[in-house]
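>>> Prediction below, plus the sequence it came from.
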Amino acid sequence: MQFNRLRIPLFVIASFLFGLKTYFVYRFMFDLSIENALQEFILFLNPLASAYLVFAISVWLKPKNQLRYLRWVMIIGTIILYLNLVFYRNFTDFITIPVLFQGNNAADLTSSILTLIHFEDLLLIVDIIIVWVLSKKLDEPAVIFNRHAKVAATAITFLLLAGNVVVAEIERPMLFVRAFDREYLVKNIGVFNYHVYDATMHTKTKAQRVFADGSEVNRIGSYMKEETGSKEPSEMFGVAEGKNVIFVSVESFQNFLFDTEINGTETTPFLNDLKESSDTIWFKNFYHQTAQGKTSDSEFIVENSMYPLDRGAVYFTHAQNEYNALPEILGNNGYYSSVFHANNKSFWNRDVMYENIGYDHFYGEDSFEETPENTFGWGLEDKEFFEQSIPYLKDQEQPFYSKFITLTHHFPFELPEDRANIDMYDSGSQTLNQYFQTARYTDEAIEEFFADLKEAGIYEDSIIVLMGDHYGISEFHNNAMSDFLGKEITPYEHIQLQRVPFMIHIPGYEKGEVREEVVGQIDVKPTLLNLLGIQDKKDLTFGSDMFSEDRKNFIAMRDGSFVSDEYIYTDSICYERESGIEIPPAEEACQPIQEKVDKELQYSNDIIYGDLFRFYDFK
Ligand code: GP9
Ligand code: MN
C-alpha cells in the first residue's frame, strides 16, 4: 500500500473522523438509551464500521475522483446525519422514506424549526473542514493504491460489517425481523445502514400490494371477528341515537395535565370540571396509539379501528386504499360528515384521504379568516377557530358528524405573552415550560365553544366527544418531566404518560361516570357506532366497544408495547399494571398477550400494505 506523507491513507482518516463524529452525535445529541456495556460498544463500533464501508470504496476510483469522492461523501453524510438529528429533536424518531415524501409537512414546521437547531451543531462540520484541507494539500500520486491494497481495504470493510452484524444479533436477536423499533436499529447498525434497510423495506411493501393474496382477508377477517370486535350490543346501545356528533381532537393533550396547578393557578379548569360532570363519561385509562403519522394516525385509528403503520403515515402512503371508515358508515345511516381544521388541506394528505373515506366536506384553512392578531403558533388560534366554525355548523344538515382538530396547543407551544392566563412552568425544558400555557389556552377555547354551541341551539341535540390525539411532551424532556411529576420516568411511567383525554359528553344524560377500563383510540369507532345505535355487522375492527362486557382486554402500541387489564409491557419488560412492579421474565406473564399483539400489528399491516379490503364485501 502506498502511503501519503501522513503515512495513513486519507480515506482511513476520513472514516475515523466521520465515524467518531457520528458516535458523538449518537451518544450525546440523540437520546438513545444505553443499557449495558455491549450496547455501548456497538454504538461505538457501528459508526466507524459504516463510515469505513463508504469511504473505503474510494480506493477503486481514479486518484482525482477519489479526493472528490471523499470530500462529497463527508458533506452528504453529515447532511443525512444532521437531518436525522433535527427530525429526532422534534419526533424522538428517525426519518423513514415515506416521511420524506411528506415534504409539505416539513415546510410547515417552520415555526418549530428554530427551536430544533442548536448552536453547538456547528461542531459537526469540523471533520469536513479537516478532510477538505488535507485532500486539497495531497498530490494525486499519494492516493494511488495497488491491487493488493485495494483488495485488502475492501476485505476490511466486510470484516467490520460482519463483526457489527454479529454483535448486534447477539445483543438483539431477530433485530431485522421485528424491526418495529427504529431506535434499536440505529443503535445497532447505525443511521446510514438503517436508511439502506428502510429503503429495502420500502420497496418490499410497494411490491406487497401487487402480489397481495385476496384470500388472506378471510383469514384475518375471521380473527378480527373472533378476537377483537365485541359481538353483542352493550348496555349503551342507541343512547345517542339520532344525535349530532361533535368530535374534538385536542392537540397534544396528555392526561397528566389534569388537575395540575402552576403557581397556584389551575392549568385546565374547564376540562377538569367537564371530566367529572354528570353529563360526561370519562375514560381515565384511555391511551393514544399513534406512530409516525401523529395527528393523522390518530384520525386513521379512530376512523378505521386499525393500527397505524410501523413506518410513515398511512394517510400518506395508503390514502387510496379501500376502507370501511366511520364517516362512510355514518353516511350510509343518514349522517352528514365534515372536518374542521384551520391548516392547509394537503397537510398529512388529508384532502385525499378524507375524500376517499367518505367525508362530505372539509373546512380547511381557506374557510377561515386569518389576521395577524388571530394567527400564532401553527396558524389560526383555537378560540377564533371554534368561533368561526359556528356559522358553518349551524348551516349543516342534521344529524351531522363533525370533527374539529385544534392547533394552538402544538409543539413548540408558543403563545403571545398577553394571551397567557397562567404562568410558565420553570424547568430546564422550554418546551415543557410553555406546554401549560397553550394547554390553558385550548381549555379556554373549548369552554367558549361549549357556550357558543348552547347559544347556537346545537348543544342539546348533540353529543360532544373530546379526545387527545397523541403526546405533546416527548421523551426528550424526561428530565424536566421527572422534576414536574416528582418521580423518575421509567419505561413504565413513559407508557402511563401516553394516556390522553377521552370524554363522551351527553347533554342531559345525568348518569356521568369515571370509567377505569383500559381502552384506546382503536376502540373509538365501535364505541361511537354503538352509542348511535348503528350496527354494521360486516365491519372489521381491531378495537371493541368500550362499554361492552366482552371487549378485548388490551391496548397495543405500534412498537409492540401493550397495556392490558393486568400488565404493562414495554422495552421488553413486563410490569404489573397498577403497581408498576416488574415481573421476572421467567414467569412469562406478558407472553400470551405479546403474541396476540404481534399478530394483530402484523395483520393490520397486511391489510394496509396489501390493500386487502378491496377483496372483502362490506355490504
Ligand atoms: C396539522 C396538525 C398537527 O394539521 O394536525 O399535526 P401533528 O404535527 O400533531 O401531527
Ligand atoms: Mn397532533
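Perfect, I can see it now. What you see is a predicted model; the values in this text were computed from it and never measured. Ligands and ions are numbered 1, 2, ... in the order given.
>>> tell me how far the ends of stretch 377-387 are from each other?
Its start and end residues considered, stretch 377-387 measures 18 Å (Cα to Cα, to the nearest Å).
>>> and it, how far out from the chain's middle?
Offset of stretch 377-387 from its chain centre (Cα atoms, centre = their mean, to the nearest Å): 23 Å.
>>> And for stretch 361-370?
That offset, for stretch 361-370, works out to 25 Å (Cα atoms, centre = their mean).
>>> ok, and what's touching it?
With Cβ atoms under 8 Å, 6 or more residues apart in numbering as the test, stretch 361-370 has contacts from 337-345, 350-351, 354, 379-380, 384-385, 388-389, 392. No exception for glycine: its C-beta is placed from N, CA and C like everyone else's.
>>> what does stretch 175-194 give?
22, 26, 30, 32-34, 39, 42-43, 46-47, 49-50, 54, 77, 80-81, 84, 93-94, 96, 164-165, 168-169, 171-172, 197, 201, 310, 558-560, 601.
>>> Same question for stretch 251-258.
So stretch 251-258 is contacted by 267-268, 271-272, 275, 284, 295, 405-411, 413, 435-436, 439, 442, 468-473, 485, 497-501 (Cβ under 8 Å, 6+ apart).
>>> Which positions within the helix or strand Glu387 falls within qualify as buried?
Per DSSP states H and E: Glu387 is located in helix 382-395. Buried residues in helix 382-395, defined by neighbour count with 16 or more other Cβ atoms under 10 Å: Asp382, Lys383, Glu384, Phe385, Phe386, Gln388, Ser389, Leu393.
>>> Run through the residues of the protein sitting next to ligand 2.
Within the chain, the residues that sit near ligand 2 (Cβ under 5 Å from the ion) are Glu251, Lys294, Thr295, Asp469.
>>> Which one of the residues in the stretch 251-400 of the chain is closest to ligand 1?
Among all residues of the stretch 251-400 of the chain, Lys294 sits closest to ligand 1, at 2.8 Å; criterion: Cβ to the nearest ligand atom.
>>> OK, contacts around that residue?
Phe91, Ala313, Trp348, Asp469, His470.
>>> what's the neighbour count on the residue lying closest to the third one once chain neighbours are set aside?
The spatially closest residue to Trp348, leaving aside those adjacent along the chain, is Ser296, at 3.8 Å (Cβ to Cβ, 6 or more residues apart in numbering). For Ser296, the neighbour count with other Cβ atoms under 10 Å is 25.
>>> tell me the secondary structure for Ser296?
When classified by DSSP: H, G, I helix; E, B strand; the rest coil, Ser296 comes out as helix.
>>> Tell me how far it lies from Leu415.
24 Å (Cβ to Cβ, to the nearest Å).
>>> Next one: Val54 relative to ligand 1, how far apart?
33 Å (Cβ to the nearest ligand atom, to the nearest Å).
>>> Which of the three states applies to the closest residue to that residue other than its chain neighbours?
Spatial nearest neighbour of Val54, chain neighbours left out: Val73 (5.8 Å); criterion: Cβ to Cβ, 6+ apart. Classification of Val73 by three-state DSSP places it in helix.
>>> heads up, I number from 42, so please use that
Sure, I'll start counting at 42 from here, so that last one is Val114.
>>> and Val114, what is it in contact with?
Applying Cβ under 8 Å, 6+ apart, the residues contacting Val114 are Ala55, Val95, Phe96, Ser99.
>>> Now for the last one, how many residues are close by?
Here the number of neighbours of Ser99 (other Cβ under 10 Å) works out to 23.
>>> same check, this time on the one 4 residues further on
Neighbour count for Lys103, taken as other Cβ under 10 Å: 12.
>>> Could you pull up phi and psi at it?
Dihedral angles of Lys103 (phi, psi; degrees, to the nearest 10) stand at phi -70, psi 150.
>>> most neighbours, which of the contacts of Lys335?
Counting neighbours by other Cβ under 10 Å, the top entry in those is Ala354, with 29 neighbours.
>>> what's the spacing between it and ligand 2?
According to Cβ to the ion, to the nearest Å, Ala354 and ligand 2 sit 12 Å apart.
>>> hang on, that residue packs against Phe142?
No - here Ala354 lies out of contact with Phe142, judged by Cβ atoms under 8 Å, at a distance of 9.7 Å.
>>> so who does the residue of the stretch 292-441 of the chain found nearest ligand 2 touch?
Ranked by Cβ to the ion, the top residue of the stretch 292-441 of the chain for proximity to ligand 2 is Thr336, at 3.3 Å. Contacts for Thr336 were tallied using Cβ under 8 Å, 6+ apart; they are Ser290, Glu292, Trp389, Ile446, Asp510, His511.
>>> Cys615 in helix, strand or coil?
Relying on three-state DSSP, one would call Cys615 strand.
>>> Any idea which helix or strand in this structure has the lowest mean pLDDT?
Lowest mean confidence among the helices and strands of the chain (mean pLDDT, DSSP states H and E): helix 144-149, at a mean of 56.
>>> May I see the buried residues of the next helix or strand after it?
Counting by DSSP H and E, the next helix or strand C-terminal to helix 144-149 is helix 151-157. Residues of helix 151-157 classed as buried by neighbour count (16+ other Cβ under 10 Å): Ser153, Thr156, Leu157.
>>> Quick check: the gap between Ala203 and ligand 2.
Computed as Cβ to the ion, the Ala203 to ligand 2 distance reads 42 Å.
>>> helix or strand for that residue, which one?
Here Ala203 is assigned to helix 188-212, by DSSP H and E.
>>> Show me what counts as buried in that helix.
Quick answer for helix 188-212 (16+ other Cβ under 10 Å): Ala194, Thr198, Leu201, Leu202, Asn205, Val206, Val208, Ala209, Glu212.
>>> Show residues contacting it.
When contacts are defined by Cβ under 8 Å, 6+ apart, helix 188-212 is touched by residues 42-43, 50, 52, 79-80, 82-83, 86-87, 89-91, 93-94, 97, 100-101, 186, 216, 229-230.
>>> Separate out the buried members of those residues.
50, 52, 80, 83, 86-87, 89-91, 93-94, 97, 100, 186, 216, 229-230.
>>> Among the residues you listed, which lie within helices?
Residues of the buried ones among the contacts of helix 188-212 located in helices (DSSP state H): 52, 80, 83, 86-87, 89-91, 93-94, 97, 216, 229-230.
>>> could the buried residues of helix 423-436 go into CSV alongside pLDDT?
Compiled in CSV, those are given as follows (pLDDT from 0 to 100):
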residue, pLDDT
Asp423, 98
Lys424, 98
Glu425, 98
Phe426, 98
Phe427, 98
Gln429, 98
Ser430, 98
Leu434, 98
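>>> could you pull out the helices for the stretch 242-391 of the chain?
Remark: helices assigned in the stretch 242-391 of the chain by DSSP state H, counting those that start in this stretch are 257-264, 310-316, 335-345, 355-358, 367-373, 391-398.
>>> Oops, could you answer that again for the stretch 542-660 of the chain instead?
Using DSSP H, counting those that start in this stretch, helices in the stretch 542-660 of the chain cover 565-572, 632-651.
>>> do you know how far Ile536 is from Asn326?
Taking Cβ to Cβ, one finds Ile536 at 11 Å from Asn326.
>>> between the two, which one's more packed in?
A count of neighbours by other Cβ under 10 Å puts Ile536 above the other of Ile536 and Asn326, at 22 against 18.
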